[in-house]
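[1] for reference, the sequence and a predicted model appear below.
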Amino acid sequence: MEIVTPALVIAVPKELAPGEQRVATVPDVVRNLTKVGCEVRIEHDAGASAYYPDNSFTAAGAKVIAEKTDLFDGAKIVLRVQPPTAADVGGLAEGTIVIGFMNAANNLEAIKKMRDRKITAFSLELVPRISRAQSMDALSSQATAGGYVAAILGAENCPKFLPMLTTAAGTIRPSTVLVLGAGIAGLMAIATAKRLGALVEAYDVRRAAGEQVRSLGAKFLELEINAEGQGGYARELTAEEKVKEQEMVSAAVARADIVITTAAIPGRRAPVLITKETVATMQPGAVIIDMAAESGGNCELTKAGHTIREHGVVIIGPQNLPARVPFHASQMYAKNLQSFLSLLIDKNGALVPEFTDEILTASLLVHAGNICHQPTRDLLGGQ
């Protein structure tokens, strides 16, 4: 008699965090998971806000489930976008594997509950930045979405045209967009602003970022000084040079029509790049899009989740920008998860017996009643 091995069940709940419209998987990824023998369950309307209706998942081979208790019954893996709350963890069986963003520093109660209930949690924020993990880099994929939305949001709130226009009523000069921080989000904001026809300037403390900025057709701001040290490495700027650099950035902020700030440090308060005194020097109608609002803001006046006006300047502190383009943000995120799952699930659709891969080891947050990530353990007093 043939022995039928039970399918590995993967559950995807509906995201309930305010403003969250993304979903952790999409039909194309479901098809690939079912091909290796996994059973994929989707909570009813989990993809509706991202414009993936239930019938698209059903057609891809997923089971649409109405009740959460049925969704998680027998599920071995749970895929999420937002971190689980303590209440979410209460509905999971011991040994369940949860994968998604965990935001551990701000979600300690849920982390403790996962530890106590012997849940295994993989945090996508902890995926190492190595070449073979690029396809799993959800931070980068969602930063790309966020940078795009930031540029669109700046254009929407700017009282000027972005491109140069030659009309019967005269020539209109292009608007100037300044992007502070040339990481993934910043580069996408630069590229989007350029496509909208603006003059774009950018600044980053990393001089090496200048090549990428210029390749997108933007001007990279840097002091006309020789900062080359021994061995071709940049030397640290002197105190006087740092003051001059700040003056250069402040002058660029003052002349910009739109400023997009992107400087964030995981687990720490965002650095202040624009002081209230600098805001007072900006032209009326200028717009600041502070992408670091959720971690304190790069502008001294930013209020997370609010739009304020000071000295005629509009200062926007948006939250969860990727959720504003949920269709493609979900698509990219789901592909990140699919790549990550390839390390957890073998070609026969079975769970690997041990998490020995370096990517799994680095991203393992909680397992078998232990908190595996030292910084998180330290936040909990070494528990």
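    Yep, that arrived.
[2] quick check: which ranges of the stretch 201-350 of the chain have low pLDDT?
    Along the stretch 201-350 of the chain, segments meeting pLDDT under 70 span 224-237.
[3] in it, which spans are strands?
    Here the stretch 201-350 of the chain has its strands, by DSSP state E, counting those that start in this stretch, at 219-220, 258-261, 287-290, 307-310, 313-316.
[4] could you do the stretch 51-200 of the chain as well?
    With strands called from DSSP E, counting those that start in this stretch, the stretch 51-200 of the chain shows them at 63-65, 77-79, 97-100, 120-123, 165-167, 170-172, 176-180, 199-203.
[5] and these, which is most packed in?
    strand 176-180 (a mean of 28; mean count of other Cβ atoms under 10 Å). In this view, the C-beta of every residue, glycine as well, is placed from N, C-alpha and C.
[6] can you list the strands that that strand pairs with?
    Strand 176-180 has its sheet partners listed here by DSSP bridges as strand 199-203 (parallel), strand 258-261 (parallel).
[7] would you put the C-alpha positions of that strand in CSV?
    Extracted in CSV, the C-alpha atoms of strand 176-180 (Å, rounded to 0.1, in the frame of the first residue of the first chain):
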residue,chain,number,x,y,z
THR,A,176,14.6,71.0,-8.1
VAL,A,177,14.4,67.8,-6.1
LEU,A,178,17.0,67.1,-3.4
VAL,A,179,17.5,63.5,-2.2
LEU,A,180,19.4,63.1,1.1
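[8] what does that strand rub up against?
    Contacts of strand 176-180 with the rest of the structure, by Cβ atoms under 8 Å, 6 or more residues apart in numbering, involve 151, 154, 162, 186, 189-190, 193, 198-204, 218, 249, 252-253, 255-263, 273-274, 298.
[9] before we move on, the earlier item: please identify which of the strands of the stretch 51-200 of the chain is closest to residue 240.
    Minimum separation from residue 240 across the strands of the stretch 51-200 of the chain (Cβ to Cβ) falls at strand 199-203, 18.6 Å.
[10] quick one: contacts of that closest one?
    Residues outside strand 199-203 that contact it (Cβ under 8 Å, 6+ apart) are 174-182, 186, 190, 193-194, 209, 213, 216-222, 248-249, 252, 256.
[11] now go through those residues and say which are in helices.
    Those of these mapping onto helices are 186, 190, 193, 194, 209, 213, 248, 249, 252, per DSSP state H.
[12] which of those ranks first by neighbour count?
    With neighbours taken as other Cβ atoms under 10 Å, the top of those is residue 193, carrying 31 neighbours.
[13] please name the nearest non-neighbouring residue to it.
    Leaving aside its sequence neighbours, residue 193 sits nearest to residue 177 (Cβ to Cβ, 6 or more residues apart in numbering; 4.2 Å).
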